[in-house]
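1. Dropping a prediction and its sequence here:
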Amino acid sequence: MASPYGNVDRNKEGERERLYNPYQDLQVPIHTLYRLPTSPEFLFQEESVAQRRSWGENLTYYTGCGYLSGAISGAGKGLFDGIKAREEGDTLKLRVNRILNASGHTGRKFGNRLGVIGLLYAGIESSIVAVRDTDDVFNSVLAGLGTGALFKAASGPRSAAVAGAIGGLAVGVAVAGKQALKRYVPL
(Lines give C-alpha, C1' and ligand atoms only; values in the text may rest on other atoms or scores of the structure.)
Protein backbone atom coordinates (compact mmCIF):
# COMPACT_ATOMS: atom_id res chain seq x y z
CA MET A 1 0.00 0.00 0.00
CA ALA A 2 1.44 3.36 -0.97
CA SER A 3 1.74 6.21 1.48
CA PRO A 4 -0.84 9.03 1.10
CA TYR A 5 1.98 11.54 1.43
CA GLY A 6 3.34 12.48 -1.93
CA ASN A 7 6.41 14.43 -2.96
CA VAL A 8 7.96 17.19 -0.90
CA ASP A 9 7.46 20.54 -2.59
CA ARG A 10 8.38 24.15 -1.78
CA ASN A 11 5.82 26.93 -1.45
CA LYS A 12 6.19 30.63 -2.33
CA GLU A 13 8.13 31.37 0.88
CA GLY A 14 10.54 28.50 0.23
CA GLU A 15 9.20 26.34 3.10
CA ARG A 16 9.06 22.58 2.61
CA GLU A 17 5.60 21.13 2.14
CA ARG A 18 4.37 17.61 1.65
CA LEU A 19 1.59 16.95 -0.77
CA TYR A 20 -1.32 14.95 0.59
CA ASN A 21 -3.79 13.10 -1.57
CA PRO A 22 -6.60 11.61 0.57
CA TYR A 23 -8.08 9.79 -2.44
CA GLN A 24 -4.88 8.02 -3.53
CA ASP A 25 -6.04 4.50 -2.57
CA LEU A 26 -9.66 4.81 -3.75
CA GLN A 27 -9.13 4.22 -7.49
CA VAL A 28 -11.21 7.26 -8.44
CA PRO A 29 -10.20 9.98 -10.91
CA ILE A 30 -10.01 12.72 -8.27
CA HIS A 31 -6.62 14.42 -8.05
CA THR A 32 -7.17 17.05 -5.37
CA LEU A 33 -3.96 17.67 -3.43
CA TYR A 34 -3.68 19.44 -0.10
CA ARG A 35 -0.51 21.26 0.90
CA LEU A 36 0.49 20.37 4.46
CA PRO A 37 3.50 22.00 6.14
CA THR A 38 6.20 19.65 7.41
CA SER A 39 7.04 21.77 10.47
CA PRO A 40 4.81 22.04 13.55
CA GLU A 41 2.30 24.85 13.42
CA PHE A 42 2.02 27.53 16.11
CA LEU A 43 -0.39 30.41 16.48
CA PHE A 44 2.41 32.83 17.39
CA GLN A 45 6.01 32.62 16.20
CA GLU A 46 7.31 33.01 19.81
CA GLU A 47 5.71 29.69 20.70
CA SER A 48 7.92 27.82 18.25
CA VAL A 49 11.06 29.06 20.03
CA ALA A 50 10.02 27.97 23.54
CA GLN A 51 11.02 24.42 24.45
CA ARG A 52 9.20 24.20 27.80
CA ARG A 53 5.69 24.60 29.13
CA SER A 54 4.48 28.02 30.25
CA TRP A 55 3.99 28.76 33.95
CA GLY A 56 0.23 28.28 33.62
CA GLU A 57 0.65 24.91 31.93
CA ASN A 58 3.17 23.88 34.60
CA LEU A 59 0.77 24.99 37.33
CA THR A 60 -2.06 22.96 35.87
CA TYR A 61 0.13 19.93 35.13
CA TYR A 62 1.85 19.63 38.52
CA THR A 63 -1.29 20.43 40.53
CA GLY A 64 -3.39 17.96 38.57
CA CYS A 65 -0.79 15.20 38.65
CA GLY A 66 -0.26 15.76 42.39
CA TYR A 67 -3.96 15.66 43.18
CA LEU A 68 -4.62 12.62 41.01
CA SER A 69 -1.73 10.57 42.35
CA GLY A 70 -2.56 11.58 45.93
CA ALA A 71 -6.22 10.72 45.49
CA ILE A 72 -5.42 7.31 44.01
CA SER A 73 -2.85 6.40 46.66
CA GLY A 74 -5.08 7.77 49.43
CA ALA A 75 -8.03 5.78 48.17
CA GLY A 76 -5.87 2.65 48.19
CA LYS A 77 -4.79 3.31 51.76
CA GLY A 78 -8.39 4.08 52.74
CA LEU A 79 -9.49 0.81 51.17
CA PHE A 80 -7.16 -1.15 53.46
CA ASP A 81 -8.14 0.96 56.47
CA GLY A 82 -11.82 0.37 55.73
CA ILE A 83 -11.29 -3.37 55.40
CA LYS A 84 -9.31 -3.50 58.66
CA ALA A 85 -11.97 -1.49 60.52
CA ARG A 86 -14.73 -4.07 60.13
CA GLU A 87 -16.57 -5.19 63.22
CA GLU A 88 -18.45 -8.33 64.13
CA GLY A 89 -22.06 -8.28 63.09
CA ASP A 90 -21.60 -5.79 60.23
CA THR A 91 -23.86 -6.31 57.26
CA LEU A 92 -22.49 -6.23 53.73
CA LYS A 93 -23.98 -2.76 53.17
CA LEU A 94 -22.31 -1.44 56.31
CA ARG A 95 -18.92 -2.90 55.32
CA VAL A 96 -19.12 -1.43 51.82
CA ASN A 97 -20.17 1.93 53.26
CA ARG A 98 -17.26 1.90 55.74
CA ILE A 99 -14.79 1.06 52.93
CA LEU A 100 -16.16 3.77 50.63
CA ASN A 101 -16.11 6.39 53.39
CA ALA A 102 -12.54 5.54 54.40
CA SER A 103 -11.38 5.52 50.75
CA GLY A 104 -13.06 8.83 49.98
CA HIS A 105 -11.83 10.56 53.13
CA THR A 106 -8.22 9.43 52.84
CA GLY A 107 -8.17 9.96 49.07
CA ARG A 108 -9.35 13.58 49.42
CA LYS A 109 -6.86 14.26 52.19
CA PHE A 110 -3.86 12.85 50.30
CA GLY A 111 -5.01 14.40 47.00
CA ASN A 112 -5.34 17.85 48.51
CA ARG A 113 -1.92 17.66 50.14
CA LEU A 114 -0.13 16.51 47.01
CA GLY A 115 -2.10 19.00 44.90
CA VAL A 116 -0.89 21.85 47.12
CA ILE A 117 2.67 20.53 46.90
CA GLY A 118 2.37 20.48 43.09
CA LEU A 119 0.96 24.01 43.13
CA LEU A 120 3.83 25.29 45.29
CA TYR A 121 6.43 23.48 43.19
CA ALA A 122 5.09 24.85 39.90
CA GLY A 123 4.95 28.40 41.23
CA ILE A 124 8.42 28.31 42.74
CA GLU A 125 9.99 26.65 39.70
CA SER A 126 8.40 29.13 37.29
CA SER A 127 9.57 32.02 39.48
CA ILE A 128 13.13 30.69 39.59
CA VAL A 129 13.17 30.21 35.80
CA ALA A 130 11.92 33.79 35.34
CA VAL A 131 14.53 35.22 37.72
CA ARG A 132 17.52 33.17 36.48
CA ASP A 133 16.41 33.24 32.81
CA THR A 134 17.79 29.72 32.30
CA ASP A 135 16.23 26.28 32.37
CA ASP A 136 18.44 23.71 34.06
CA VAL A 137 18.52 21.07 36.79
CA PHE A 138 19.45 23.63 39.44
CA ASN A 139 16.03 25.32 39.05
CA SER A 140 14.18 22.06 39.72
CA VAL A 141 16.27 21.18 42.78
CA LEU A 142 15.87 24.69 44.22
CA ALA A 143 12.12 24.50 43.59
CA GLY A 144 11.94 21.15 45.41
CA LEU A 145 13.91 22.58 48.31
CA GLY A 146 11.68 25.64 48.50
CA THR A 147 8.49 23.62 48.17
CA GLY A 148 9.37 21.30 51.04
CA ALA A 149 10.42 24.20 53.25
CA LEU A 150 7.33 26.25 52.44
CA PHE A 151 4.95 23.30 52.87
CA LYS A 152 6.23 22.59 56.40
CA ALA A 153 6.96 26.21 57.39
CA ALA A 154 4.07 26.28 59.88
CA SER A 155 5.55 23.31 61.78
CA GLY A 156 8.66 25.25 62.74
CA PRO A 157 12.07 26.02 61.27
CA ARG A 158 13.54 22.58 61.96
CA SER A 159 10.66 20.76 60.23
CA ALA A 160 10.86 23.22 57.34
CA ALA A 161 14.59 22.62 56.94
CA VAL A 162 14.17 18.84 56.99
CA ALA A 163 11.24 18.97 54.56
CA GLY A 164 13.21 21.31 52.28
CA ALA A 165 16.17 18.93 52.25
CA ILE A 166 13.87 16.00 51.50
CA GLY A 167 12.13 17.95 48.73
CA GLY A 168 15.41 19.00 47.12
CA LEU A 169 16.79 15.49 47.37
CA ALA A 170 13.62 13.94 45.94
CA VAL A 171 13.60 16.28 42.96
CA GLY A 172 17.33 15.74 42.41
CA VAL A 173 16.83 11.97 42.36
CA ALA A 174 13.82 12.32 40.03
CA VAL A 175 15.72 14.54 37.59
CA ALA A 176 18.78 12.27 37.66
CA GLY A 177 16.55 9.23 37.07
CA LYS A 178 14.85 10.96 34.16
CA GLN A 179 18.22 11.83 32.61
CA ALA A 180 19.44 8.24 33.11
CA LEU A 181 16.29 6.88 31.45
CA LYS A 182 16.75 9.21 28.50
CA ARG A 183 20.37 8.20 28.12
CA TYR A 184 20.27 4.45 28.71
CA VAL A 185 16.76 3.35 27.72
CA PRO A 186 16.04 3.75 24.02
CA LEU A 187 12.44 4.67 23.33
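-> Structure received.

2. okay, CA-based contacts and neighbour counts for the rest of this
-> OK.

3. Contacts only, for the nearest residue to residue 150 once chain neighbours are set aside.
-> Counting by Cα to Cα, 6 or more residues apart in numbering, residue 160 is the residue found nearest to residue 150 once chain neighbours are left out, at 6.8 Å. Contact partners of residue 160, counting by Cα atoms under 8 Å, 6 or more residues apart in numbering, are 148, 149, 150, 151, 152, 153, 154.

4. Can you work out which other helices and strands pack against the longest helix along the chain?
-> Counting residues, the longest helix in the chain under DSSP state H turns out to be helix 92-132. Here helix 92-132 touches helix 55-84, helix 137-151, going by 3 or more Cα pairs under 8 Å, 6 or more residues apart in numbering; DSSP states H and E.

5. can you list these in JSON lines and add mean neighbour count, distance to residue 129 and mean pLDDT?
-> Shown next, in JSON lines, are the helices and strands packed on helix 92-132 (neighbours: other Cα atoms under 10 Å; distance: least, Cα to Cα, whole Å; pLDDT from 0 to 100):
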{"stretch": "helix 55-84", "mean neighbour count": "18", "distance to residue 129": "9", "mean pLDDT": "94"}
{"stretch": "helix 137-151", "mean neighbour count": "22", "distance to residue 129": "7", "mean pLDDT": "94"}
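
6. quick one: residue 159 from residue 87, how far?
-> Separation of residue 159 from residue 87 (Cα to Cα, to the nearest Å) stands at 38 Å.

7. which stretches of the chain have low pLDDT?
-> Within the chain, the ranges that satisfy pLDDT under 70 run 1-23, 28-40, 42, 46-51, 187.

8. rerun that using 90 as the cut-off
-> For the chain, the stretches flagged by pLDDT under 90 are 1-58, 85-90, 133-137, 179, 182-187.
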